[in-house]
Structure formats: structure tokens, C-alpha cells
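**Q** Give me a 3D structure for the following:
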Amino acid sequence: MPVRIMQPGHLSLTNGLATTSSVTVPRRLGRVWSRLLSYPTHVTGNPSLQCNSDAESFGEHKDDTIDISKLTEVKQKLKLVGINCDDSCIPGRYAHLLCPKCKGGGQSLERSLSVHIIQDGDFAMWRCFRVDCGWAGRAFAGGTNIRKVMSSRQVAEKSLGLEPLGGKLIAYLGERMISEGTLQRNSVMQRLHDQAIAFPYWHNGVLVGCKYRSMERKFRQEKGTEKWLYGLDDINEAAEVIIVEGEIDKLSVEEAGFQNCVSVPSGAPPKVSNRELPPQEKDTGYQYLWNCKEHLDKVSRIILATDADTPGHALAEELARRLGKDRFQFVN
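**A** Numbering: from 1, shown residues only. Below you'll find the predicted structure:
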């Protein structure tokens, strides 16, 4: 069933294909990330270990936006797991510290632990970028239970067992009007043992997860990883963002000329919840929004291009409840 954005302009999605007519949404604002896995590339080094300095310094430090009590509590929780945040941990920026788990690889004392406290100071994330460590987690302000400090594993490219897409899957996706160029730009691969389509998830150029789709439309996500928006690095510098339901929808919108698009990782809920919004640390079904909060907070307008069915409308409503309806433009 086709869906359209209301005036001004239209963006239609039919069978996973996006078409446009006088849309005012800007095309990609800023550079395109190069992050291929096994495809030939001129980029040297391991793309999963590359971080972008611009992306790691977004946002200026603003004292009037910080809740000092929450910031103090978050730093105390970080200290409980061995992360000592000094004055270098400025909310809204990334700090690089010695990892308390791997000690920076022994004698090298590499500052491999990236710590990020969000602008208002009530939430922090960390990740060690050493391949043989990968310690990661997040901490929230609120309450006294230290179980609110959670960890997840880092994904290593080799452990996923991926290979470039074969002719069968390229043809399958080509029938959905998705070109090989778009597939390569987004590092879409296939899994070795069952040829399921693999959609790698990236954050600041680092591989943080992977979702698999079989020809029978069965989905599975890499276990033990945090959830993020698919295509997150494409909105680092975007003023407006399109959010869709699935990875193939994101690729279809890109084919229509719009790279400032991301997909939710878990599809749409069956209906809108009639309960009050849970606190961030308990909002597990939408944890990807809180993980990506710093990116979404910078966006002036969010276009929800969800399917025109009950789950699609439910997803649009749930996202708007969490991100604020004032910035949203809905799809019929």
C-alpha cells in the first residue's frame, strides 16, 4: 500500500521503493562515509576501527543544559565499573581513557576506551575499541540500583562470517530497484553458511551490530549487541532525517536520492501502548532511540515514513511520544 508525506512535497513508498515529487527534504548534508567490508576500496586500514573526529566532537559544552546532580550520579556509576571520569569527560563530547578491562593492551597504555556523556548529563555510553577487548556499556542517572549499568559485546568483522553478495541476492535486491552501488556503499553482505542478507550496523565508522534477512523474510540480529538505528552515520550532519521501518526501506529511499535516512532495527509494534512511557533504562524496546539520542537531538525535522498499516501507525506514534511531536512530519 503506497504511503505519502503530506505537503510540502511527496515521498511515496510502494513495495519497498521510494519515489519523490517536489520533496523539500535536503539530500545528504555532508560527506558520505566509506565503510566497506570486503569490497575493494582505496581506504587503508580496518574500517571497523576508524573513528571520525568531527563526529566525536559534535555539540558545544553548555553549562545551562547540564543537570549537575544527574551528571555526578552518572560519573559515580561509571566509577563503580572502573571508569574514572575527570574534567576531560565533558557532556556532549567524547573522551578517550585507559580501559579498566584490558588496561590499554598492557605496556602500550593505549587510550582505547571512548566515553560519551550526553549533553544534559543523565546518560553515558562507553566502548573499548581494541579488537580483543570490545568492552562496552551504558549508565543512567536515577535510582540507586547499580544494575542500571549494562554491558554488551563488540562485533568483530571476522567473527560474523560474511562475504560479498552473490549474484542471486544481487538480482533479488535488484528486482526491488536497489543498485549494486547502494549495496556496496552500505556494506550489505551475505552470511557464509546460509546466504542470508547481512546488514551491518555502524556507529562513527565502527561495526556495532548486524541484522540478517533470509529469502523467506525471516530476521535475526547478532546476539549480545546494543541496538542502533541502521544508517546512523548517514545523519551525522543532517538537519532533517527520514525514519523508515526496515533496512531495505532505507536503501530504497537512498535510491530515490536521499541519504539522510535511517531505519529502526526491530520493525514496528503491533499497536500503540496504553501505558505511560517507562524510564530510559527500562525502555528496552526502544533503546536504539536513547543510544542515538545525541544525533536525533540535533535534527530540526523528522519525517516518519512508516507503512500505512496499524503497526506502521503504531511505530510512528511511539517514536513521536519519545522524541516530541513538534519536530515530526507524519506519513499517511
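
**Q** alpha carbons only for contacts and neighbour counts from here, please
**A** Noted.

**Q** From Lys70, how far off is Leu97?
**A** 21 Å (Cα to Cα, to the nearest Å).

**Q** And these two? Which one has more around it.
**A** Applying other Cα atoms under 10 Å to Leu97 and Lys70 shows that Leu97 carries more neighbours, namely 23 against 17.

**Q** wait, isn't the more buried one in contact with Leu109?
**A** No - between Leu97 and Leu109 there is no contact under Cα atoms under 8 Å: 9.6 Å.

**Q** worst-scoring helix or strand of this protein, pLDDT-wise?
**A** Taking mean pLDDT, DSSP states H and E as the measure, the helix or strand of the chain with the lowest value is strand 17-21, at a mean of 41.

**Q** contact partners of the helix or strand following that one?
**A** Sequence-wise, the next helix or strand downstream of strand 17-21 (DSSP states H and E) is helix 68-80. With Cα atoms under 8 Å, 6 or more residues apart in numbering as the test, helix 68-80 has contacts from 84-85, 120-124, 139-142, 146, 149.

**Q** now the helices for the stretch 101-250 of the chain?
**A** Remark: helices assigned in the stretch 101-250 of the chain by DSSP state H, counting those that start in this stretch are 157-160, 167-174, 180-185, 247-255.

**Q** confidence score at Leu36?
**A** Among the per-residue scores, Leu36 holds a pLDDT of 38.

**Q** How are the strands of the stretch 101-250 of the chain distributed by residue range?
**A** In the stretch 101-250 of the chain, the strands defined using DSSP state E, counting those that start in this stretch lie at 113-117, 123-128, 136-140, 150-152, 162-164, 189-191, 197-203, 206-213, 219-221, 240-244.

**Q** Among these, show the one with the smallest mean pLDDT.
**A** Mean pLDDT values for those show the minimum at strand 150-152, a mean of 50.

**Q** Tell me where the stretch 201-332 of the chain is predicted with low confidence.
**A** Where the stretch 201-332 of the chain drops to pLDDT under 70, the residues are 331-332.

**Q** Share the number of residues neighbouring the nearest residue to Glu247 once chain neighbours are set aside, please.
**A** Distance criterion Cα to Cα, 6 or more residues apart in numbering; nearest residue to Glu247, sequence neighbours excluded, is Ser263 at 5.7 Å. Look at Ser263: counted by other Cα under 10 Å, it has 23 neighbours.

**Q** cool, the one 5 residues further on as well?
**A** The number of residues packed around Ala268, counting by other Cα under 10 Å, is 21.

**Q** now swap in Ser300 and tell me
**A** For Ser300, the neighbour count with other Cα under 10 Å is 13.

**Q** Name all residues that make contact with it.
**A** So Ser300 contacts Ala239, Glu240, Arg327 (Cα under 8 Å, 6+ apart).

**Q** what does Asp297 give?
**A** Contacts of Asp297 by Cα under 8 Å, 6+ apart: none found.

**Q** That one and Glu276, how far apart?
**A** Asp297 is 22 Å from Glu276, by Cα to Cα.

**Q** likewise Val241?
**A** Taking Cα to Cα, one finds Val241 at 26 Å from Glu276.

**Q** ditto for Arg220
**A** Taking Cα to Cα, one finds Arg220 at 29 Å from Glu276.

**Q** With neighbour numbers in mind, choose between these two.
**A** Taking other Cα under 10 Å, Arg220 and Glu276 do not tie; Arg220 has more neighbours (14 against 7).

**Q** pretty sure the more buried one contacts Lys211?
**A** Yes - contact criterion Cα under 8 Å: Arg220 and Lys211 qualify, at 5.8 Å.

**Q** quick one on the thing from earlier: mind listing what the residue nearest to Glu247 touches?
**A** Ser263 neighbours (Cα under 8 Å, 6+ apart): Leu229, Tyr230, Gly231, Ile243, Val244, Glu245, Gly246, Glu247, Asp249, Lys250.

**Q** mind redoing it with 10 Å?
**A** Contacts for Ser263 were tallied using Cα atoms under 10 Å, 6 or more residues apart in numbering; they are 228-232, 242-251, 305-306.

**Q** Can you report how many residues neighbour Tyr172?
**A** Counted with other Cα under 10 Å, Tyr172 comes out at 12.

**Q** Does it touch Ser214 like I think?
**A** No - contact criterion Cα atoms under 10 Å: Tyr172 and Ser214 do not qualify, at 11.3 Å.

**Q** Next up, the contacts around Met189.
**A** 36-39, 161-166, 169-170, 183, 195-200, 212.

**Q** And the buried ones among those residues, selectable in ChimeraX?
**A** Selection of buried members from those for ChimeraX, criterion 16 or more other Cα atoms under 10 Å:
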select :36,37,162,163,164,165,169,170,183,195,196,197,198,199,200,212
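
**Q** Can you select the buried ones among the contacts of Ser263 for me in ChimeraX?
**A** Typed into ChimeraX, the next command selects the buried ones out of those (criterion: 16+ other Cα under 10 Å):
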select :228,229,230,231,232,242,243,244,245,246,247,248,249,250,251,305,306
